[in-house]
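> predicted model, plus sequence, below.
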Amino acid sequence: MFREKTNQYSPREIGRLFKRIKRLKSLARKYKRSEIIQNTLLDISNLAARVEHADEFYAGIQNNLNKLLPADNFFIAILNLQTNRLDVPFFVDEKDQHPSKLYPSEDISQTLHSGLTGYVLKHQTPLLCDNEKYEQLIANNEIVSRGSSCHQWLGVPIFSGEQTIGVLAVQSYNPAICYGDIEMELMTFISQHVAGVIERVQYQHNLEAAIEYRTKELSVAYDKLQREVTERRRAEKLQKSLFEIAELSNADLDDSTFYAELHQIISHLLPANNCYIALLDDTGRNLQFPFYVSQLNVGQPQNRPLADGLTEYILKHKRPSLLDSGDIKSLIQNKLLYAKAPQLNYTETIYQWIGVPLFIQGVVRGALTIYSFSDSQTYQEKDLGLLTFVSQHIASAIERKLSAQSLQQSYEQLEEKVVERTRALATLNQDLEKEIAQRCKVEQQLVHDASHDTLTGLPNRAMFLERLAQAVKHVRRHDSDRFALLFIDLDRFKLINDTLGHIQGDRFLIETARRLNLCIRENDTLGRIGGDEFVILLDSINNNHDAIEVAERILGELATPYQLANQSFTSGASIGIAFSGKNNTDTSESLLKDADAAMYQAKSNGKGCYVIFDDSTSHQQAHDVTLEIELREALKKKALALQYFPIMTLDSQKVVALEPRLYWQHTQLGKIKQAQLANIAEHCNLLKELDLYLIEQLNDDYNKLSVSMNADTHVHLNISSQHLKHKHAVRKLKNRIKQSFFPSDHIWAFFDEKAFVQDSESHINAFDTLKKLNVNIGLSAYGSAHCALSSLSFLPLSGLKLDPSYISHLNHPQHKNLLKAHQLSAQALELELYVDGVKTDLQRQQLASLGFSLGQGQALGETLDSTRLEAPKHHETNRYA
């Protein structure tokens, strides 16, 4: 029966049934996919609602997207609206790496903008691109080929409001995997959730950043407030301690209580379990320890003499110190501590040590010290500064305490004396009045001495400059008023000091001050600003002639002979004059400098005169520099010539030697003699070169001299002691003398006695070297520096040349005795004695009558000029050959 029923359907009906079944299966698959899509989208929506970080959301999207379509090649590009830069926060691909790694040398934002991602971002519409579409976009220059080629690429824009903020993209490399409108709609839906999550995450990020920033601000403000509170508490504690110290200094306490209270105050500020105060006694040679506390419970140190301990280290250096155990050990190893008194060294257990000097009455009279034995109690630099600050008040408290004690002792003694000497009260009052008067007098004298020269009683440099500054201010306010400044330098003051002694030199200055005072008015100011330098401020002058008249009056007064050491002595002065009103920028210093420059110009003009400062004076220094350059050039070109001064016997006037002296025939200045040449050379350090040039020039004149002088005539060379300062200069001088054409035993090398006295050691060593050349060595200007006779006995000397100043006093009996003593000394030491400066024939006869045999000067012979010497004739033979 069933077979019959089955056979009721025809083949056509059966075919329709199979088609229906197929359609039903297709619908079932579509409904199933719709259900999956619905669930997936619901999961994405839930994911968007619960995630806190974008990275977590992007990974969730990829996982859910794989349920609907192949998303193994998936990435998200986000646009920063402020910088317009693209970034890829999530990237998954089967073939390519992240764009930043795939194109490391390119800017990732520009790379993304030039490809399909930038195309979707620019057009703000979804793009489903296959190979044909991709090639067409490249051909139209709308994109640049980026990454590996794929089968299909699907990208949708991500919108935030009306702005595009990114691109969501998938791609397939397998031709079997294709995308369509459904995938595009699905991607568009997902992009909306991506935009929402990005906005929410960005808002959350901004909110967290704002909270974090505000939290930091509050934390900084709190820390600042905490520091202010701490600092204020510290300041209050310090102020309280200082107030307590001030109260303590005024309290009537015994020493033990006083120092114990001080220690308590210090302990409130710093850990001071180990502390002591050391004070110097009245003699300043012993240390006392009025307070001492230590964790070691040792006894208080006894008074002891000063040694080289830590306390003495602070007293010596007068500055606070923070030392650790290493510093102390280093000082001990360097023998800066406990080298003299090792028995005082108990520093082995000290970890840190602070010492601060105590200044009492402006002098270091003690030290405040705290120290620790372990690292549990450490000190820092701020603790050192705090203790240093507090120590000033502690020192003041101790000073007041000591003063109070001293005053108390004085009161007690006074009471005893009042009891004992009531009847002598009137006498004591008189003594007290005298003492007060004496103190007032001493104070007045101190004020006077601070502004006056102690020798002459004249205003000193400071007071004079103050008055000069007032005068400058006055003339600036009153254009019609003028003043003059005179700078006076005394002549021959050094000679007086060297010859007659410093006592006579002081008498000379006092007398000079008296004479200068006679030359000025009461409203003028005379001051002494140096050894032999005086200055005068001529106030309210009418014209330049007033100052010139004063200068001439001064020169006349100072030219009058002085009576010093029972003999007549003539001096003089050089005066520089400067006037106010020449320049509005004049100051006291500039005017003094101008007057000083004019004074030096007066000295250069020959002393005993005055010079008014002008532009030529200000150019003098430039002239000196030019003169130095010209002198160097003259030495180089051998433009200096020689004059030969004879040394003769005083009786027969026979020439026994010649003294060569250089001179320079300057094109503008005329003839410059050796004395002025030496002065120029000394200023430009050319003295040695000048001497070497002289010896060389002497060789050039040798053949000419051989015609004019006898074979036994000697040569006297005045040589600067600059050659003897070091061995190289001595060697150079020695070689130049060895090259001389004159026999060595005919050469005399004279050195100045003053230079010998100032540096005897260098001269003695050089004399031994030169004596080996068989050269005669002598001292010139003998008697000016009073060289000890004992030193002459062991020097390799052959002769002495007396200072010319002796000749000026031949009529004085004591000078004759002094000359006779020099003569006897030279005879006893077997030295040739020459008299220099014989100006008249009468002096020659007087010296001869005194027993002198050799001399030189204006009265003895005529000079020979090397430029006028005749060359030897061919038939004449050289006497020295």
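Received, thanks. Numbers count the residues shown, from 1 in each chain.

> which residues sit in contact with residue 677?
Counting by Cβ atoms under 8 Å, 6 or more residues apart in numbering, residue 677 touches 631, 640, 662-664, 690. For glycine as for every other residue, the C-beta is placed from the backbone atoms N, C-alpha and C.

> which of those residues fall within strands?
Counted as lying in strands by DSSP state E, out of these, are 640, 662-664.

> from residue 365, how far off is residue 283?
12 Å (Cβ to Cβ, to the nearest Å).

> which one's more surrounded, these two?
Between residue 283 and residue 365, residue 365 has the larger neighbour count (other Cβ atoms under 10 Å), namely 21 against 7.

> can you pull the contacts of that one?
Residue 365 touches 279-280, 358-359, counting by Cβ under 8 Å, 6+ apart.

> any idea how far residue 639 lies from residue 713?
27 Å.

> tell me which of those two has more neighbours.
residue 713 (19 against 14).

> pLDDT score for that one?
Looking at residue 713, its pLDDT stands at 89.

> thought it was touching residue 659?
No: the criterion here is Cβ atoms under 8 Å, and residue 713 misses it with residue 659 at 11.3 Å.

> what's the domain layout of the protein?
24-208, 251-409, 452-613, 626-868 (automatic domain parsing).

> report all helices and strands that the helix or strand residue 234 falls within contacts.
In this structure, residue 234 sits in helix 181-250 according to DSSP states H and E. Applying 3 or more Cβ pairs under 8 Å, 6 or more residues apart in numbering; DSSP states H and E, one finds that helix 181-250 contacts helix 11-50, helix 54-68, strand 152-160, strand 163-172, helix 255-269, helix 381-420.

> averaged pLDDT, that helix. What do you get?
Helix 181-250 shows a mean pLDDT of 78.

> closest to residue 542 out of the ones in strands among the contacts of residue 677?
residue 664 (44.2 Å; Cβ to Cβ).

> quick one: that closest one from residue 252, how far?
Taken as Cβ to Cβ, the span from residue 664 to residue 252 is 86 Å.

> what about these two, which has more around it?
More crowded of residue 664 and residue 252, by other Cβ under 10 Å: residue 664, with 21 against 8.

> in this structure the more buried one contacts residue 632, no?
No: proximity of residue 664 to residue 632 does not meet the contact threshold set by Cβ under 8 Å, at 11.9 Å.

> now the helix or strand harbouring residue 815: buried residues?
Using DSSP H and E, residue 815 maps to helix 813-828. Across helix 813-828, burial judged by 16 or more other Cβ atoms under 10 Å covers 815, 819, 822-823, 825-826.

> then stretch 742-756?
Those would be 742, 746-756, for stretch 742-756 by 16+ other Cβ under 10 Å.

> with respect to residue 379, which of these is nearest?
residue 755 (59.9 Å).

> confirm that the closest one sits in a strand.
No: counting by DSSP: H, G, I helix; E, B strand; the rest coil, residue 755 is not found in a strand; it is helix.

> pull the contacting residues for it.
Taking Cβ under 8 Å, 6+ apart, one finds 721, 763 in contact with residue 755.

> distance check, the closest residue to residue 417 other than its chain neighbours against residue 418.
Excluding the flanking residues, the one nearest residue 417 by Cβ to Cβ, 6 or more residues apart in numbering is residue 428, at 8.0 Å. From residue 428 across to residue 418, the span is 9 Å (Cβ to Cβ).

> again with residue 178
Going from residue 178 to residue 418 by Cβ to Cβ gives 130 Å.

> these two - which one has more neighbours?
residue 178 (15 against 12).

> I figured the more buried one hits residue 150, correct?
No: under the criterion of Cβ under 8 Å, residue 178 makes no contact with residue 150, lying 11.8 Å away.

> got any residues that touch both of those two?
residue 172.

> residue 211: which of the helices and strands packed on helix 181-250 is closest?
Using Cβ to Cβ, the nearest of those to residue 211 is helix 54-68, at 18.9 Å.

> what residues of the helix or strand just after that closest one count as buried?
Elements were assigned by DSSP H and E; along the chain past helix 54-68, the next helix or strand is strand 74-80. For strand 74-80, a neighbour-count test (16+ other Cβ under 10 Å) marks 74-79 as buried.

> the strand or helix carrying residue 656 - what's its average pLDDT?
Element membership of residue 656 [criterion: DSSP H and E] is strand 655-666. If you average the pLDDT over strand 655-666, you get 92.

> how many residues are close by the residue nearest to residue 663 when sequence neighbours are not counted?
Once flanking residues are discounted, residue 663 sits nearest to residue 673: 5.2 Å by Cβ to Cβ, 6+ apart. Residue 673 has 12 neighbouring residues, counting by other Cβ under 10 Å.

> same thing with residue 213?
For residue 213, using other Cβ under 10 Å, the count is 10.

> tell me the spacing between it and residue 157.
From residue 213 across to residue 157, the span is 33 Å (Cβ to Cβ).

> pull the helix or strand with minimum mean pLDDT from the chain.
Ranked by mean pLDDT, DSSP states H and E, the helix or strand of the chain with the weakest confidence is helix 2-6, at a mean of 45.

> how about residue 529, nearest residue that isn't a chain neighbour?
Nearest to residue 529 is residue 461, by Cβ to Cβ, 6+ apart, at 4.2 Å.

> check contacts around the one you found.
Residues in contact with residue 461 (Cβ under 8 Å, 6+ apart) are 527, 529-530.

> quick check, nearest of the residues you listed to residue 90?
Using Cβ to Cβ, the contacts of residue 461 come closest to residue 90 at residue 529, 91.5 Å.

> list the contacts of that closest one.
Contact partners of residue 529, counting by Cβ under 8 Å, 6+ apart, are 460-461, 464, 535.

> from those residues, which is closest to residue 399?
residue 460 (34.0 Å).

> wait, what's in contact with that closest one?
Listed by Cβ under 8 Å, 6+ apart, the contact partners of residue 460 are 451-453, 527-529.

> these two touch, right, residue 657 and residue 714?
Yes: taking Cβ under 8 Å as the definition, residue 657 is a contact partner of residue 714 at 4.0 Å.

> of those two, who's got more company?
residue 657 (23 against 20).

> distance of the more buried one from residue 801?
For residue 657 relative to residue 801 (Cβ to Cβ), the value is 11 Å.

> what do these two both touch?
With Cβ under 8 Å, 6+ apart as the test, residue 657 and residue 801 both reach residue 716.

> which residues touch residue 192?
residue 159.

> can you show me the helices along the stretch 301-450 of the chain?
Here the stretch 301-450 of the chain has its helices, by DSSP state H, counting those that start in this stretch, at 310-317, 325-333, 381-420, 425-451.

> nearest to residue 810, of those helices?
Among those, the nearest to residue 810 by Cβ to Cβ is helix 425-451 (44.0 Å).

> got the angle between the closest one and helix 381-420?
Inter-element angle recorded for helix 425-451 and helix 381-420: 140 degrees (by axes from the mean of the first three to the mean of the last three Cα atoms, to 10 degrees).

> what comes up buried for helix 425-451?
Buried, per 16+ other Cβ under 10 Å, within helix 425-451: nothing.

> packing partners for that helix?
Short answer (3+ Cβ pairs under 8 Å, 6+ apart): helix 425-451 packs on no helix or strand.

> that one: how far from the chain's middle?
How far helix 425-451 lies from its chain's middle: 46 Å, per Cα atoms, centre = their mean, to the nearest Å.

> name the next helix or strand downstream of it, please.
helix 461-477.

> and that following helix, what's buried?
Applying 16+ other Cβ under 10 Å to helix 461-477 flags 461, 463-465, 467-468, 471-472, 475 as buried.
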